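**Student:** quick one, what's the 3D model for this:
(one chain, ligands or ions: 2)
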Amino acid sequence: MSDIYAEIKADHDRHRALMKTIAGTEGASDARREAWREFYYDIKSHAAAEEETFYSKLMEKTWGQDAARHSVEEHAEMDDLLDALNEMDMSSSGWLNKFHTLQHDYTHHMDEEEDEIFTRARKVIDDSQVGAYGDRFRARKAKEKDLVDAKQKDHLED
Ligand SMILES: [Fe+2]
Ligand SMILES: [Fe+2]
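**Tutor:** Ligands and ions are numbered 1, 2, ... in the order given. Presented below is the predicted three-dimensional model:
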């Protein structure tokens with residue numbers, strides 16, 4: 001059993017570190033390519049798993065809905081940025097500029113989740129359930145990781 005908050009926080013810390021690595025790489029280097037690939041699949045599956053196991057629960061309560069909707073909207077905005085970056089030439093100056101926008105926005109998103117959203121969630125998710133939620137989050141994320149490419153293809157065909 002692993003605590004849902006610890007699971008999410010551990011992912012966030014990994015994402016913060018990966019973004020720092022990516023920002024420190026140059027052009028279309030192997031180092032940038034590899035760190036980007038790891039980040040791209042991890043953040044997408046993380047966000048999808050959050051929505052399925054975490055935000056869906058928060059949405060059950062009226063006072064949790066607005067905050068949850070706000071976060072899910074931010075996921076959609078970040079998804080657009082991620083896809084745009086994935087399509088762009090990594091060696092262009094525009095790539096790093098766009099990446100810095102993503103880094104800024106996503107850092108704000110994670111800070112808000114760990115702060116405001118966790119506080120709200122603790123009122124909705126019973127203490128005895130945080131382990132089960134953590135397990136569900138982790139299992140869902142593993143499944144979502146395999147679906148990232150398929151979802152992206154569906155999105156393009158829509
Ligand atoms: Fe999120
Ligand atoms: Fe998150």
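**Student:** what does stretch 82-92 contact?
**Tutor:** Stretch 82-92 has contacts (C-beta atoms under 8 Å, 6 or more residues apart in numbering) with 27-28, 32-33, 36, 40, 43-44, 94-95, 98-99, 102, 152, 155. The C-beta positions use only the backbone N, C-alpha and C, and glycine is treated the same way.
**Student:** beyond the worst-scoring helix or strand of the chain on mean pLDDT, next helix or strand please.
**Tutor:** Ranked by mean pLDDT, DSSP states H and E, the weakest helix or strand in the chain is helix 56-58, scoring a mean of 88. Next helix or strand after helix 56-58 toward the C-terminus (DSSP states H and E): helix 62-87.
**Student:** tell me what the least confident helix or strand of the chain is packed against?
**Tutor:** Contact partners of helix 56-58 among helices and strands, from 3 or more C-beta pairs under 8 Å, 6 or more residues apart in numbering; DSSP states H and E: helix 62-87, helix 118-124.
**Student:** so which of these comes closest to His109?
**Tutor:** With C-beta to C-beta as the measure, helix 62-87 is the member of the helices and strands packed on helix 56-58 nearest His109 (5.0 Å).
**Student:** residues of the closest one that come out buried?
**Tutor:** In terms of neighbour count (16 or more other C-beta atoms under 10 Å), helix 62-87 has its buried residues at Gly64, Ala67, Ala68, Ser71, Val72, Glu74, His75, Met78, Asp79, Leu81, Leu82, Leu85.
**Student:** quick check: most distant residue from the centroid of the protein.
**Tutor:** The centre of the chain is farthest from one residue, Ser128, which by C-alpha atoms, centre = their mean lies 25.3 Å away.
**Student:** what's the angle from the helix or strand hosting Lys151 to helix 62-87?
**Tutor:** Per DSSP H and E: Lys151 is located in helix 130-157. Here helix 130-157 runs at an angle of 50 degrees relative to helix 62-87 (axes from the mean of the first three to the mean of the last three C-alpha atoms, to 10 degrees).
**Student:** check which residues of helix 130-157 are buried.
**Tutor:** Of all the residues in helix 130-157, those buried under the rule 16+ other C-beta under 10 Å are Val130, Tyr133, Gly134, Asp135, Arg136, Phe137, Arg140, Lys141, Glu144, Lys145, Val148, Gln152.
**Student:** done for today, thanks.
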